[in-house]
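Q: The amino acid sequence is not available; the structure is as follows:
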């Protein structure tokens, strides 16, 4: 039976059994085929509809107490039987678990005066709770009490609803079921992208230019944003974190006190102090490096600085140096917009002056590099690059790169929060806990201020007591924790 045909039959039977007075809706699902009768709440001002499932073609009744209050329990039970006969088939494994958990939840919650709600979570478990109605948003909100993991994930919510005993009883009963997470197979196209994304992130990591929390913004293809499955996103992060941890705990501890990159960074610091733009791994190409130089020069000019010139190498240069080849440095003048506009109008004498000024920039760079232990090779011609010698394998200390002090992380990329452990200067962090990563999975020895964002004020208040205890354990230097939702905000000083 096609979905549209099934929908028509369900609607006809529902009207026949329950009449026209109730506002009922019908939805269907195709794999496996299943139809639902929903009770609609319609906003008289906007026409917006919020709905709850009443029954389905599996023959179960969801809103037993609601039906009883309406004096319709017999009719709803009769409707459930007739719907079952419309699309007779054995329940799937997932549906069998859903029905079993619903019956158990009704056994616990109906004596407390609540209809039970059972929904599938993104992690393949079932969660049990009750509905509350948000009139401002005009929607039913699931307030979770327990899950088939055997836990009470939101004890503050159970406390607010006066259902702590029921939540604990549900958790115990659900945990005893021995339920194993049931999730759809990983999407093959996304799974195939994981190795490439990991490789691209680690390549950016080894260039040593961008802070760890920014690496995912510079990947190109394959793109991190093309992986939506949270299991695969976590797999990427776990592999990246393992590499970063190994670098911090094993490799860098064996390095000499001063490595060539340290000396080059010191030389670039001196050049910056003398009015140079000096960038390492600036963009992916030479032309991109010049664009970066121009942007930074314009920014510093706006702040009143005089820019003498630029020196940089791009990521292609860094990739070559990672294999032990000599680094080649680009350098020259960084014109302002007015100079660029009249470049084609310069006289021969003016062009000669520009070349001499560019060569003077090169001489200064070579001098500073020699002061820092290098023996650069350069022809003295403004059109030739400077070759940095002796050659060395490019590697950079992460402490010089991961200097992020504040980080605000969007809801869609919350899994990246696992990186906070490796940001040694991080002082303030803001993110949305939830599916994918929670506070108790994170740690940081430097964090002072933590802000947790929620979609509802009630959720923020419910979480406060739990997350304060977790944060104290995971962030030993934490001084304040803030929960925020819309216009609501509350801060706890620790």
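A: Structure received. Owing to the predicted nature of the structure, the values given are computational and were not obtained by experimental measurement.

Q: Give me the neighbour count for the residue lying closest to residue 260 once chain neighbours are set aside.
A: Spatial nearest neighbour of residue 260, chain neighbours left out: residue 392 (4.2 Å); criterion: CB to CB, 6 or more residues apart in numbering. (C-beta placed from N, C-alpha, C; glycine too.) Other residues lying near residue 392 total 18 when counted by other CB atoms under 10 Å.

Q: give the contact list for residue 392.
A: Applying CB atoms under 8 Å, 6 or more residues apart in numbering to residue 392 gives the contacts 259-260, 321, 324.

Q: repeat for residue 366
A: With contact set as CB under 8 Å, 6+ apart, residue 366 has these partners: 376, 378, 386.

Q: Quick check: the second one touching residue 389?
A: No. Contact status for residue 378 versus residue 389: not in contact, 10.2 Å apart, counting by CB atoms under 8 Å.

Q: name the element the residue nearest to residue 260 belongs to?
A: In the assignment (DSSP states H and E), residue 392 maps to no helix and no strand.

Q: Please report how far it lies from residue 289.
A: 20 Å (CB to CB, to the nearest Å).

Q: Looking at residue 378 and residue 389 now, which is surrounded by more residues?
A: residue 378 (18 against 13).

Q: mind listing the strands for the stretch 151-300 of the chain?
A: Applying DSSP state E, counting those that start in this stretch to the stretch 151-300 of the chain gives strands spanning 276-279.

Q: Count the residues that sit near residue 429.
A: Counted with other CB under 10 Å, residues neighbouring residue 429 total 26.

Q: on that earlier part again, residue 46: which of the contacts of residue 392 is nearest?
A: Of all the contacts of residue 392, residue 46 sits closest to residue 321, with 61.7 Å by CB to CB.

Q: Quick check: pLDDT value at the residue nearest to residue 444 when sequence neighbours are not counted.
A: Counting by CB to CB, 6+ apart, residue 444 lies nearest to residue 420, which is 4.8 Å off, once chain neighbours are set aside. Note on residue 420: pLDDT of 97.

Q: Just give me the neighbour total for residue 420.
A: Residue 420: 23 neighbours (other CB under 10 Å).

Q: What residues does it make contact with?
A: By CB under 8 Å, 6+ apart, the contact set of residue 420 is 407, 426, 429, 442-444, 447.

Q: Mind checking which of those residues are buried?
A: For the contacts of residue 420, a burial check counting by 16 or more other CB atoms under 10 Å picks out 407, 426, 429, 442, 444, 447.

Q: wait, the last one sits on residue 426?
A: Yes. Judged on CB under 8 Å, residue 447 makes contact with residue 426 at a distance of 5.7 Å.

Q: returning to that earlier point: would you list the buried entries among the contacts of residue 392?
A: Buried positions within the contacts of residue 392, assessed by neighbour count (16+ other CB under 10 Å), are 259-260, 321.

Q: Looking at these, which is nearest residue 22?
A: The shortest approach to residue 22 among these belongs to residue 321, at 72.9 Å (CB to CB).

Q: what number of residues lie near the closest residue in space to that closest one that isn't next to it in sequence?
A: Using CB to CB, 6+ apart and skipping residues adjacent in sequence, the residue nearest residue 321 is residue 394, 3.6 Å away. For residue 394, the count of nearby residues is 25 (other CB under 10 Å).

Q: Could you do residue 86 as well?
A: Number of residues near residue 86 (other CB under 10 Å) recorded here: 15.

Q: and it, what is it in contact with?
A: Residue 86 sits next to 6, 9-10, 13, 35, 57 when contact means CB under 8 Å, 6+ apart.

Q: just the helices in the stretch 201-350 of the chain please.
A: Secondary structure of the stretch 201-350 of the chain by DSSP state H, counting those that start in this stretch: the helices cover 230-246, 260-273, 286-302, 315-322, 337-341, 348-371.

Q: Worst mean pLDDT among those helices?
A: The minimum mean pLDDT among these belongs to helix 337-341 (a mean of 50).

Q: Go ahead and flag the most central residue of this structure.
A: Closest residue to the average C-alpha location of the chain: residue 413 at 1.2 Å, with CA atoms, centre = their mean.

Q: Tell me the predicted confidence for the residue nearest to that residue when sequence neighbours are not counted.
A: Excluding the flanking residues, the one nearest residue 413 by CB to CB, 6+ apart is residue 216, at 7.5 Å. pLDDT for residue 216: 91.

Q: Looking at the contacts of residue 366, which one is closest to residue 30?
A: Within the contacts of residue 366, proximity to residue 30 (CB to CB) peaks at residue 386, which comes in at 65.4 Å.

Q: mind listing what that closest one touches?
A: For residue 386, the contact set (CB under 8 Å, 6+ apart) comprises 311, 328-329, 331, 362, 365-366, 369, 376-378.

Q: now swap in residue 220 and tell me
A: 200, 284.

Q: One more pass at 10 Å, please.
A: Listed by CB atoms under 10 Å, 6 or more residues apart in numbering, the contact set of residue 220 reads 200, 204, 284.

Q: Of these, select the buried ones using a PyMOL command.
A: Buried residues within these, by 16+ other CB under 10 Å, are selected in PyMOL with:
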select buried, resi 200+204+284
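
Q: Return the closest of the contacts of residue 220 with respect to residue 249.
A: Closest approach between these and residue 249, by CB to CB: residue 204, at 20.6 Å.

Q: So that closest one sits against residue 213, correct?
A: No. At 11.7 Å, residue 204 and residue 213 do not qualify as touching, with contact defined as CB atoms under 10 Å.

Q: Overlap in contacts, these two.
A: The contact sets of residue 204 and residue 213 do not overlap (CB under 10 Å, 6+ apart).

Q: For residue 431, which non-adjacent residue is closest in space?
A: residue 409 (4.1 Å).

Q: you'd agree that neighbour is up against residue 426?
A: No. In this structure, residue 409 is not within contact of residue 426 by CB under 10 Å, at 11.3 Å.

Q: Poorly predicted segments of the protein, please.
A: 1, 221-222, 336-352, 354 (pLDDT under 70).

Q: the domain parsing of it - what is it?
A: Domain assignment for the chain by automatic domain parsing gives 3-175, 194-253, 260-388, 404-494.

Q: how far does the shortest one stretch from start to finish?
A: Spelled out, it's domain 194-253. 29 Å (CA to CA, to the nearest Å).

Q: same thing with the third one?
A: Between the opening and closing residues of domain 260-388 lies a distance of 11 Å (CA to CA).

Q: The longest one too?
A: From its first residue to its last, domain 3-175 covers 36 Å (CA to CA).

Q: So which of the contacts of residue 366 is the closest to residue 356?
A: For the contacts of residue 366, the residue nearest residue 356 by CB to CB is residue 378; the value is 15.2 Å.

Q: Please give me every residue in contact with the closest one.
A: Residues near residue 378 by CB under 10 Å, 6+ apart: 329, 331, 359, 362-363, 365-366, 369, 384-388.

Q: how near is it to residue 266?
A: Using CB to CB, residue 378 is found at 20 Å from residue 266.

Q: Please verify my assumption that residue 402 contacts residue 247.
A: No. Assessed by CB under 10 Å, residue 402 is found out of contact with residue 247, at 11.1 Å.

Q: residues shared between the contacts of the two?
A: In contact with both residue 402 and residue 247: residue 422, using CB under 10 Å, 6+ apart.

Q: And those two? Which one has more around it.
A: Taking neighbours as other CB under 10 Å, residue 402 and residue 247 compare with residue 402 leading, 21 against 18.

Q: Could you say which helix or strand holds that one?
A: Residue 402 belongs to no helix or strand, assigned by DSSP H and E.

Q: could you dump the contacts of residue 392 to a markdown table with distance to residue 154?
A: Shown next, in a markdown table, are these (distance: CB to CB, whole Å):
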| residue | distance to residue 154 |
| --- | --- |
| 259 | 49 |
| 260 | 53 |
| 321 | 51 |
| 324 | 54 |
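
Q: Thanks a lot, catch you later.
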